[in-house]
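S.K.: dropping a prediction and its sequence here:
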Amino acid sequence: MNTMIHQTKSREILISKSFLLFFAAVAILTFACNPQPETAEQKIPHDNATIKVEGKMMADMSAPPYVPAPVGNRAAKNLVVEMEILEHEGTMTDGVQYTYWTFGGTVPGSFIRTRVGDEVEFHLRNHPDNKLPHNIDLHAVNGPGGGAASSFVAPGHEIVFSFKVLSPGLFVYHCATAPVGMHIANGMYGLILVEPEGGLPKVDKEFYVMQGDFYTKGDYGEPGLQPFEMKKAIEEDADYVVFNGSVGAMTGDNALNVNVGETVRLFVGNGGPNLVSSFHAIGEIFDRVHVEGGDLINENVQTTLIPAGGAAIVEFYVDVPGDIILVDHAIFRAFNKGALAMINVHGDANKTIYSGKIEEGIYLPEGGTIQEMPITDEAAAAAKEPLAALSKAQKIEMGKNVYMQTCFACHQANGLGIANAFPPLAKSDYLNADVNRAIDAVLYGLAGEITVNGKQYNSVMTAQTVSDREAANVLTYVYNNWGNNGTEVTDEMVNSRRRTSAKK
Ligand code: HEC
Ligand SMILES: [Cu+2]
């Protein structure tokens, strides 16, 4: 009996499927044969460019897990956003500190809430105590770099640029200053919401949740101030995968609170830099998901994918009391790397929907991943083989490759650097005066005030992870270009600086 019903059903489905296929084929043919495809409908977001603005207002900004009040049905405005970049130490998990770079002091950065047609006047300030220049790329912007091309700002300065928001949706913003991955990995991302005309439908509770992956020198839980580890970041070997910047940002006393019978909307983003989120709520089903933060709505969803640099709006009605656990369902991340948050639901039980004896603490973070560094035997073996000597011309040629991979993002392809941020290597008196000092800068990085060609710089150059040979080649390349003094740097010279500094 059951099988019969099943068979009939599948036959019906088959029939309707072939009808669908037929219609699809007709539609495609019609489209292909039509010499003038409809373009009017495709233009809609761009038509928003003609929306008139009425008056000026300051944007209300909020720190996670909260969002500013809905826009409702207000008219489009000239919306002034004031955002300050702060680099400061924070707690990754108990006993582990991390130096976060932030938009507005938090990870993720302050939530920006707009509506289509708003003309945003964006003020980006880089706090004078910060060490590095930054900028901002907002995915909601139509324009070069999403604003990054106009917002590069050195510590102690402010920059202003403007854009009109045309497309409704939930968008990521992030820093895009070299090394881009490092700025994002340190927490420089957040969300900007563009509400449609008339606003989003009303719900009872709204929250701001954003996932990010972090890479530290020590493995998960290793105590102390942990520096960022570029090698692990390139290998996408995250030590921490967290919601809202740290392990436990929304568990225990920090859990979110809602009541039975309420509708909940989560604005969920994924800052990455690397990992895609399999976003899931244990004990709840998403009634509606704005897939990838856009207009497409999917219903009755268990797990929604949120790409790195993407977002989703998820909505659900809460039926029964208890804890809802938000996770990245790539499950080791949830239980061993921190990607776990809690929503405490308060209210009366509904035995029809759920009954049973409830044990607390079924889903708790487990901590401490056991990780081993990737095996570097090959690299060690290769390093032991004696290297053949190179001619100066060969060094310059190979050094150019190193330069284009590691130095040019900051010092630029022409060696001229960027004013107030990255000093020039072209005709640099600082470089030409002292070769050992230049070698040290490459091997150990450089911080503090220096003067290059009469201009002061007070920034940070990160130590470059290069072999003796790569350092020798890249410096030989630099010294033999752009009007510099032609010094030839040898592997031996670099190696002796390593020994000298190791003794210190
Ligand atoms: C992330 C950006 C960045 C990268 C990548 C970088 N530098 Fe620098 N570099 C800086 C900054 C910033 C300073 C100035 C530091 C200060 O203010 O104390 C600097 C200073 C220098 C100086 C001394 C000042 C001068 O202009 O002569 C040299 C030499 C130098 N860098 C060489 C290199 C070489 C060679 C590479 C590649 C192997 C490299 N840098 C990669 C940012 C960078
Ligand atoms: Cu930055």
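M.R.: Okay, I see it. Ligands and ions are numbered 1, 2, ... in the order given.
S.K.: name the element residue 460 belongs to?
M.R.: Secondary structure from DSSP states H and E places residue 460 in strand 455-461.
S.K.: and if you look at residue 99?
M.R.: strand 96-103.
S.K.: next secondary structure after that strand?
M.R.: Toward the C-terminus from strand 96-103 - assigned by DSSP H and E - lies strand 111-115.
S.K.: buried sites along the strand holding residue 99?
M.R.: 96, 98, 100-103 (16 or more other C-beta atoms under 10 Å). Where you see a C-beta, it was placed from the backbone N, CA and C, and this is true even at glycine.
S.K.: same question for stretch 303-315.
M.R.: 304, 306, 308-315.
S.K.: cool, and stretch 253-263?
M.R.: So stretch 253-263, judged by 16+ other C-beta under 10 Å, has buried residues 255-256, 258, 260, 263.
S.K.: over to stretch 110-120?
M.R.: Quick answer for stretch 110-120 (16+ other C-beta under 10 Å): 110-120.
S.K.: and that stretch, how far from the chain's centre?
M.R.: How far stretch 110-120 lies from its chain's middle: 20 Å, per C-alpha atoms, centre = their mean, to the nearest Å.
S.K.: and that stretch, end to end?
M.R.: 15 Å (C-alpha to C-alpha, to the nearest Å).
S.K.: one step back: check which helices and strands the strand holding residue 99 sits against.
M.R.: Strand 96-103 is packed against strand 78-93, strand 224-225, with contacts defined by 3 or more C-beta pairs under 8 Å, 6 or more residues apart in numbering; DSSP states H and E.
S.K.: direction included, what does the first one pair against?
M.R.: Strand 78-93 has the following strand partners under DSSP bridges: strand 56-58 (parallel), strand 96-103 (antiparallel), strand 119-126 (parallel).
S.K.: who are the contact partners of the spatially most central residue of the chain?
M.R.: In the chain, the centroid-proximal residue (C-alpha atoms, centre = their mean) is residue 271; its distance is 2.9 Å. When contacts are counted by C-beta atoms under 8 Å, 6 or more residues apart in numbering, residue 271 touches 107-108, 172, 174, 184, 187, 189-190, 210-212, 308-309.
S.K.: check residue 202 too.
M.R.: Going by C-beta under 8 Å, 6+ apart, the list of residues near residue 202 reads residue 70.
S.K.: quick one: the strands in the stretch 351-500 of the chain?
M.R.: 446-452, 455-461 (DSSP state E, counting those that start in this stretch).
S.K.: neighbouring contacts of stretch 284-298?
M.R.: 168-171, 299-302, 304, 306-307, 310-318, 324.
S.K.: what about the residue of the stretch 401-504 of the chain found nearest ligand 2, neighbour count?
M.R.: Closest residue of the stretch 401-504 of the chain to ligand 2, C-beta to the ion: residue 421 (11.1 Å). Around residue 421 there are 18 other residues, counting by other C-beta atoms under 10 Å.
S.K.: so which bits of the stretch 51-200 of the chain are right by ligand 2?
M.R.: Within reach of ligand 2 by C-beta under 5 Å from the ion, the stretch 51-200 of the chain has these residues: 134, 175, 177, 183, 188.
S.K.: now, of the helices and strands packed on strand 96-103, which is deepest in the fold?
M.R.: Among those, the stretch with the highest mean neighbour count (mean count of other C-beta atoms under 10 Å) is strand 78-93, at a mean of 18.
S.K.: and that strand, how far from the chain's centre?
M.R.: 14 Å.
S.K.: got it, and stretch 218-231?
M.R.: For stretch 218-231, the distance to the chain centre is 19 Å (C-alpha atoms, centre = their mean).
S.K.: mind listing what's buried in it?
M.R.: Quick answer for stretch 218-231 (16+ other C-beta under 10 Å): 219-221, 226, 228-230.
S.K.: for residue 271, which non-adjacent residue is spatially closest?
M.R.: The shortest distance from residue 271 to any non-neighbouring residue, by C-beta to C-beta, 6 or more residues apart in numbering, is to residue 189 (3.3 Å).
S.K.: and the closest residue to residue 340 other than its chain neighbours, what are its phi and psi?
M.R.: Once flanking residues are discounted, residue 340 sits nearest to residue 334: 4.7 Å by C-beta to C-beta, 6+ apart. Dihedral pair for residue 334: phi -70, psi -50, per degrees, to the nearest 10.
S.K.: surely residue 334 is in contact with residue 342?
M.R.: No - using C-beta atoms under 8 Å as the test, residue 334 is too far from residue 342 to be in contact (11.6 Å).
S.K.: who has more neighbours out of those two?
M.R.: residue 334 (24 against 20).
S.K.: pull the number of nearby residues for residue 244.
M.R.: Neighbour number of residue 244 under other C-beta under 10 Å is 21.
S.K.: flag every residue of the stretch 351-500 of the chain that's near ligand 1.
M.R.: 406-407, 409-411, 422-425, 428, 430-431, 438, 441-442, 446-448, 450, 452, 457-462, 464, 474-475, 478 (C-beta under 6 Å from any ligand atom).
S.K.: now list the buried members of these.
M.R.: Of those, these count as buried by 16+ other C-beta under 10 Å: 406-407, 410-411, 422-425, 428, 430-431, 438, 441-442, 446, 450, 452, 457, 459, 461-462, 464, 474-475, 478.
S.K.: and the pLDDT at residue 175?
M.R.: If you check residue 175, the pLDDT there is 97.
S.K.: from residue 276, how far out is it?
M.R.: 20 Å (C-beta to C-beta, to the nearest Å).
S.K.: so what are the sheet partners of the helix or strand hosting residue 191 and their directions?
M.R.: Element membership for residue 191 (DSSP H and E) is strand 189-195. Using DSSP bridges, the strands paired with strand 189-195 are strand 111-115 (parallel), strand 169-174 (antiparallel).
S.K.: can you put the ones you listed in CSV and add distance to ligand 1?
M.R.: Below are the strands paired with strand 189-195 laid out as CSV (distance: least, C-beta to the nearest ligand atom, whole Å):
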stretch, distance to ligand 1
strand 111-115, 27
strand 169-174, 17
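S.K.: residue 346 - how many residues pack around it?
M.R.: 12.
S.K.: beta partners of it?
M.R.: residue 259.
S.K.: is it true that it touches residue 256?
M.R.: No - Residue 346 is not in contact with residue 256 according to C-beta under 8 Å; the separation is 11.3 Å.
S.K.: element containing residue 52, please.
M.R.: Using DSSP H and E, no helix or strand contains residue 52.
S.K.: test my guess that residue 196 contacts residue 114.
M.R.: No - counting by C-beta under 8 Å, residue 196 does not reach residue 114; the two are 11.1 Å apart.
S.K.: can I see the domain layout of the chain?
M.R.: Using automatic domain parsing, the domain parsing of the chain gives 56-346, 377-503.
S.K.: burial count for the nearest residue to residue 429 once chain neighbours are set aside?
M.R.: Nearest non-adjacent residue to residue 429, counting by C-beta to C-beta, 6+ apart: residue 453, 5.6 Å away. Residues near residue 453, counting by other C-beta under 10 Å, number 12.
S.K.: same thing with residue 126?
M.R.: So residue 126, with other C-beta under 10 Å, has 23 neighbours.
S.K.: which one is residue 72 nearest to, not counting chain neighbours?
M.R.: Per C-beta to C-beta, 6+ apart, closest to residue 72 is residue 199, 5.0 Å.
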